[in-house]
Structure formats: structure tokens, C-alpha cells
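>>> coordinates for the following, if possible.
(one chain, ligands or ions: 1)
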Amino acid sequence: MAVKFQGKYLDGFVKPEEFNNMNREIELCHNILHQKNGAGNDFLGWLNLPFQYDKTEFEQIKKSAEKIRNDSDVLIVIGIGGSYLGARAAIEFLGSQQYNNLDKNKLKVYFVGNTISPSYLNNILALCEGKELSVNVISKSGTTTEPAIAFRVFKELMEEKYGKEGARERIYVTTDKARGTLKELSNKEGYQTFVIEDDVGGRYSVLTAVGLLPIAAAGFDIDKIMLGAQKACKDFETPGEHNDCYKYATARNILYRKGKSIEIMASYEPNWQMMNEWYKQLYGESEGKDQKGIFPASVIFSTDLHSMGQFIQDGSRNMFETVISFKQAGEDYFVKKDKDNFDGLNFLADQPMSEINKKAMQGTILAHVAGGVPNIVLEVDAMDEENLGYIVYFFEKACAISGYMLGVNPFNQPGVEDYKVNMFALLGKPGYEEQREKLLEQLSK
Ligand code: PA5
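Okay, here's the model as predicted:
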């Protein structure tokens with residue numbers, strides 16, 4: 001398992017000595033991170049998490065996942081942001097295996113509480129009718145509005161369906177070990193709880209119960225995920241020529257300082273779609289502050305070559321691309337020969353579709369580079385659990401280093417509060433009266 005950094009498509013945009021010139025800066029950021037004396041240093045629990053995690057809780061996660069798989073058709077996962085994206089991204093990334101094992105993976109995992117859309121909620125409720133259900137509600141603070149609304153709905157549904165006692169056996173809570181509404185409720189109701197440690201922020205929490213319980217319930221091997229993360233943790237333990245994670249962080253910052261303020265994460269595998277969303281949250285919330293930061297965007301090719309391809313090739317030159325390339329992306333398919341060659345596609349006959357996809361990737365990279373878009377390629381071995389664990393740690397560490405290079409605190413998200421204050425004020429939440437008056441006046445103009 002590995003993620004390999006390829007910088008050859010940066011030629012003409014970044015000189016090799018520019019990487020060398022960043023060595024001191026990298027070393028500094030590495031030391032700040034590992035000596036835990038930088039901004040946000042109380043949120044570094046993820047750094048050694050692949051080795052230092054609660055082994056007893058890990059076994060309980062596997063037991064609960066097994067119980068859910070045995071007694072449920074559907075697992076409802078309630079959460080938003082860091083309490084949602086990692087689990088969904090991982091499950092969809094590993095999905096190709098799931099399709100290959102359909103009967104083994106009868107459990108459906110539906111995510112709610114990540115939107116306030118009533119039609120979305122109604123659709124999920126309809127899908128739950130007549131099904132055996134379990135619920136995993138995830139919120140570190142225990143007070144986030146979107147998941148709180150969804151949990152109110154599903155708690156009631158579970159109690160109606162199974163009675164209070166029965167519901168208790170099927171509701172799993174992942175939250176702070178001591179504080180918050182969810183923790184208090186769990187103590188009162190006797191729910192099975194899992195802990196999000198104080199020093200692990202939401203977007204760095206995939207390798208805790210936040211991600212691991214839904215992933216294990218979906219039928220994937222979380223031991224292998226941790227193995228992959230451990231390997232990455234070791235591989236990127238020190239700065240140096242071998243450290244592809246730091247090369248990626250460095251390349252991003254060199255490009256940013258040359259005016260490339262948008263990073264487009266591109267993959268040719270649709271199963272990467274939600275990993276793109278996870279990456280956008282991780283980097284967007286970590287770096288976008290103090291009027292600075294690289295704007296994280298994403299595409300799935302070749303699909304989006306027919307939408308965003310035009311802009312990337314030919315539009316504003318303020319972006320770079322990071323392409324995720326898989327050495328091996330699941331089972332292959334061979335295009336067959338047609339005796340009449342009715343569509344003129346016989347030149348593709350007997351070629352593996354993975355090769356056709358690869359040629360699309362190579363052709364696109366060359367075209368975009370010629371069009372003035374620097375490309376970074378990150379080569380990943382395969383779409384399996386070990387590689388997933390490795391990728392998660394790779395991006396988390398690169399994000400922390402990159403954030404320190406940018407001069408921001410990569411572990412807070414002060415900007416997220418502003419919309420909440422306005423939303424609460426407009427909804428009439430007690431304590432927000434003054435802001436409500438101000439906003440209503442603005443809206444009436
Ligand atoms: O990364 C983060 O910290 C955020 O995206 C949170 O995960 C998100 O706001 C949800 O918070 P909570 O888990 O407290 O409900």
C-alpha cells in the first residue's frame with residue numbers, strides 16, 4: 001500500500017530547486033507539529049492515533065458492527081461535517097468490493113442529519129418502512145442542529161417501532177466522553193456509547209469510532225484500515241526525500257504562492273466522489289481562514305471533462321490539479337469486437353477498460369498542462385481497506401503541514417459559527433433576539 005507523489009507534470013511551473021528551497025520550512029513545520037507547540041496543538045490526537053487508540057473500544061466497535069449486521073437491514077448514520085463525511089467517503093470508496101459481495105453485504109447504510117431538507121428526510125423514512133433498523137448518531141459537541149433534528153425524528157421512530165427497551169439496544173451514540181446533550185441523554189437512556197477524544201477534531205476523526213463503526217457495520221475490515229494508517233504514520237514520520245506526504249504539502253504551497261489559489265482534486269474512479277467531499281472539508285475547514293487558503297474543488301473524470309473540462313483547459317489560470325491515479329482499481333472489463341464495427345470502435349476491442357481510462361487520464365493531464373494547469377499526480381496502489389487507511393493519514397498529515405506552511409491554525413473552524421448565529425436568530429432561538437431584529441431589518445429592505 002502506498003500513495004506516491006509524482007511531480008513530473010510540474011515541469012515548467014516549478015523548478016526542482018524550489019522544492020529544495022522549502023526544506024527548512026518543511027522541517028520547521030514538522031517540528032512544530034511533532035513537538036506539539038504550534039497553533040491548535042490541543043487537537044493533535046490524530047497524529048499518533050494509528051498506534052495509540054483505545055483497543056478495548058476498538059473491539060467493542062467490531063462487536064457492535066457485527067450485532068448491527070445480524071439484526072438490521074438498515075443502519076441510519078446521523079451526523080454532519082467531520083461526523084459524517086469520512087464514514088460515507090470510506091464506504092463508497094470501498095464500494096466496488098461491496099458490489100462484488102452483494103449477498104454478504106445486505107446491510108444498507110443511509111446518512112441523515114447532514115442536511116435540513118425535508119424531502120431528503122422523507123425519502124429516507126420511506127426507505128426504512130418495513131425494515132429492521134439500527135441508528136448511529138454521531139456528534140462530538142452533541143449539540144449540532146442538523147443531526148439533533150434528525151435524531152429527534154429517528155429516536156421517536158425507533159421507540160415507536162421497538163419500544164423504549166428495544167430501541168435502547170439499537171441506538172449507538174458516538175460523542176464526547178463527558179460533555180454535551182447526547183452524552184447526558186445516553187447516560188439517562190443507557191445507550192451504547194463510543195468516544196470522540198477531546199484532542200481529535202471532527203475532520204480528523206475518520207480513524208476513531210466516528211468512521212470505524214459505520215465502516216465496520218458496512219462490512220469492511222477496520223483492522224486492515226488501521227494497518228494502512230500505521231504504515232503511513234511510519235512512512236511520514238520524518239522529513240526527507242522519501243516523504244511523499246510532505247512533497248505534496250510543499251508543492252501545494254509553492255503553487256499557491258505563484259497565484260494558483262484553487263486545487264482541483266481529480267479522479268477517474270466514481271467511487272472517489274465522496275473522498276473528494278471528505279478532502280474538501282478537511283482542507284477547506286483547515287486552511288480557509290484569515291483571508292488565506294487554497295480553495296479545494298473537485299471533479300470526477302472523464303464524466304466532468306464534459307462539464308468542467310472546458311474551464312480547466314481554457315478558463316482563468318488560477319488553479320492546479322491533483323490527480324488520484326490507481327495502479328489497480330478493481331475488476332477489469334474488456335470491450336468486445338463487433339463483427340460489423342457499427343460504431344467504429346473495434347480499435348478498442350480486447351483492450352481492458354482500465355487501459356482506456358488510463359489513456360483518458362494521460363491525455364487529459366498532458367492537455368491541461370499544455371493549457372497552463374500544473375498537475376500533481378498521487379499514485380495509489382489499490383482501492384482497498386489498507387490503502388484507504390494509508391490515504392486518510394496521508395491527507396490528514398499533509399493538511400496539517402500545509403496549514404502550518406500557510407501560517408494558519410489548521411485545527412479550528414471559527415468561520416463555521418457565523419451562519420449558525422444567523423440561522424438561530426431567524427428561527428427565533430431564545431438568546432438571539434438582538435441579532436434577529438438586525439437580520440429581519442436587513443431582509444425587509
Ligand atoms: O470538522 C469539524 O470539526 C466539523 O465539521 C464538525 O465535525 C461538524 O461541525 C459536526 O460537529 P459535531 O460533531 O460536534 O456535531
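>>> in the stretch 51-200 of the chain, which spans are helices?
Taking DSSP state H, counting those that start in this stretch to define them, one finds helices in the stretch 51-200 of the chain at 55-71, 85-93, 95-100, 118-128, 145-168, 181-189.
>>> what residues does the fifth one touch?
The contact list for helix 145-168 (C-beta atoms under 8 Å, 6 or more residues apart in numbering) reads 76, 78-80, 83, 112-116, 121, 125, 128, 133, 135, 137-139, 169-171, 181-182, 189-191, 420, 423-424. Glycine gets a C-beta too; all of them are placed from N, C-alpha and C.
>>> so which of the helices of the stretch 51-200 of the chain is the most packed in?
helix 85-93 (a mean of 26; mean count of other C-beta atoms under 10 Å).
>>> for that one, give the mean pLDDT please.
The average pLDDT within helix 85-93 is 96.
>>> by contact count, what packs against it?
Applying 3 or more C-beta pairs under 8 Å, 6 or more residues apart in numbering; DSSP states H and E, one finds that helix 85-93 makes contact with strand 108-112, helix 209-217, helix 273-287, helix 385-406.
>>> and the ligand, which of the contacts of helix 145-168 contact it?
80, 83, 139 (C-beta under 6 Å from any ligand atom).
>>> what's the pLDDT at residue 330?
Reading off the confidence values, residue 330 has pLDDT 81.
>>> quick one: secondary structure of it?
The three-state assignment at residue 330 reads coil, by DSSP: H, G, I helix; E, B strand; the rest coil.
>>> that one touches residue 383, doesn't it?
Yes: applying C-beta atoms under 8 Å as the test, residue 330 and residue 383 come out as touching, 6.0 Å apart.
>>> between those two, point out the one with more neighbours.
Applying other C-beta atoms under 10 Å to residue 330 and residue 383 shows that residue 383 carries more neighbours, namely 22 against 17.
>>> hmm, residue 325 and the more buried one touching each other?
No: with contact defined as C-beta under 8 Å, residue 383 does not reach residue 325; the gap is 11.7 Å.
>>> now for those two: what residues contact both?
Jointly contacting residue 383 and residue 325 under the rule C-beta under 8 Å, 6+ apart is no residue at all.
>>> output the ones next to the ligand among the contacts of helix 145-168 in JSON lines, with neighbour count appended to each entry.
Formatted as JSON lines, those follow (neighbours: other C-beta atoms under 10 Å):
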{"residue": "80", "neighbour count": "22"}
{"residue": "83", "neighbour count": "28"}
{"residue": "139", "neighbour count": "29"}
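>>> how close does residue 163 sit to the ligand?
As judged by C-beta to the nearest ligand atom, to the nearest Å, residue 163 and the ligand stand 28 Å apart.
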